[in-house]
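Chemist: Below are the sequence and a predicted model for it; my questions follow.
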Amino acid sequence: MARYIGPKSKIARKFGEPIFGADKVLEKKNYPPGHHGLARKRKKVSEYGTQLSEKQKAKSTYGVLEKQFHRTFEEAARMGGITGENLLKLLECRLDNVVYRLGLAPTRAGARQLVSHRHITVNGEVVNVPSYSLKIGDVVSVREKSKSMESIQESLAGRRNRYSWLEWDGSSMTGKFMAKPEREDIPENIKEQLIVELYSK
């Protein structure tokens, strides 16, 4: 199963945003990595470079590699409506993202691991594919034997964000995917139109 396993602080510094969550390294060094990091920050970036950077940021944020991201974009383009918004909606429908949004893991990488290690069920069946696309009405739960896991308990204890398109029942550790989120409900700082322009070249 392909996934990025390189240094995350380096990627966060590249975009100047804590896209993987709170990052002490980013707080200390809020400029691009490398010997010429500060100088590069002042350098003018081309239109193509800006568009490419936005795509790379979206890929890193959702933990998706190039081939899968491109497939998702093609699906978004076929849906009709605003392609950029469709793209983000499809990414939000991923099982690992929903597990993260429900607060079962502090990061998407942690959510991906919970799914891969068979701690999560969808409609009562174990699903270990992080990219599994949820449909409206699907019920996401923690497996009975996994409910006492320390990592899950700690993540839920610090759970703050609640999302209108997800319904959470803390007593049964179950979440329901109520609807695909609208663009204004997605908090990620991604300029999706730049990604559309890049793929339109």
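Modeler: That came in fine, so what should we check first? Numbering: from 1, shown residues only.

Chemist: show me where this protein has helices.
Modeler: 8-15, 24-28, 37-42, 47-62, 66-78, 83-92, 95-101, 108-116, 150-157, 192-199 (DSSP state H).

Chemist: I'd like to know which of these is closest to Leu134.
Modeler: Nearest to Leu134, of all the helices of the chain, is helix 95-101, at 5.8 Å by Cβ to Cβ. Bear in mind the C-beta positions are built from the backbone N, C-alpha and C, glycine included.

Chemist: What mean pLDDT does that closest one get?
Modeler: The average pLDDT within helix 95-101 is 97.

Chemist: How about residues contacting it?
Modeler: Helix 95-101 is contacted by residues 62-63, 91-92, 105, 107-108, 110-112, 114-115, 120, 122, 127, 129-134, 140, 161, 163, 166, 175, 177 when judged by Cβ atoms under 8 Å, 6 or more residues apart in numbering.

Chemist: what's the span of stretch 136-148, first residue to last?
Modeler: 28 Å (Cα to Cα, to the nearest Å).

Chemist: And Gly49, how far from Phe69?
Modeler: Gly49 sits at a distance of 18 Å from Phe69 (criterion: Cβ to Cβ, to the nearest Å).

Chemist: Quick test: name the residue nearest the centre of the protein.
Modeler: Nearest to the mean C-alpha position of the chain, by Cα atoms, centre = their mean, lies Tyr62 at 2.9 Å.

Chemist: State the distance from Lys135 to Glu184.
Modeler: Lys135 sits 22 Å away from Glu184, going by Cβ to Cβ.

Chemist: okay, those two: which has more neighbours?
Modeler: Neighbours were counted for Lys135 and for Glu184 using other Cβ atoms under 10 Å; Lys135 has more, 10 against 7.

Chemist: got the contact list for the more buried one?
Modeler: By Cβ under 8 Å, 6+ apart, Lys135 lies in contact with Cys93, Phe177.

Chemist: which residues sit in contact with Thr121?
Modeler: So Thr121 contacts Val127, Val140, Ser141, Val142, Arg143 (Cβ under 8 Å, 6+ apart).

Chemist: Can you say which of these are buried?
Modeler: Neighbour counting by 16 or more other Cβ atoms under 10 Å classes Val127, Val140, Ser141, Val142 among the contacts of Thr121 as buried.
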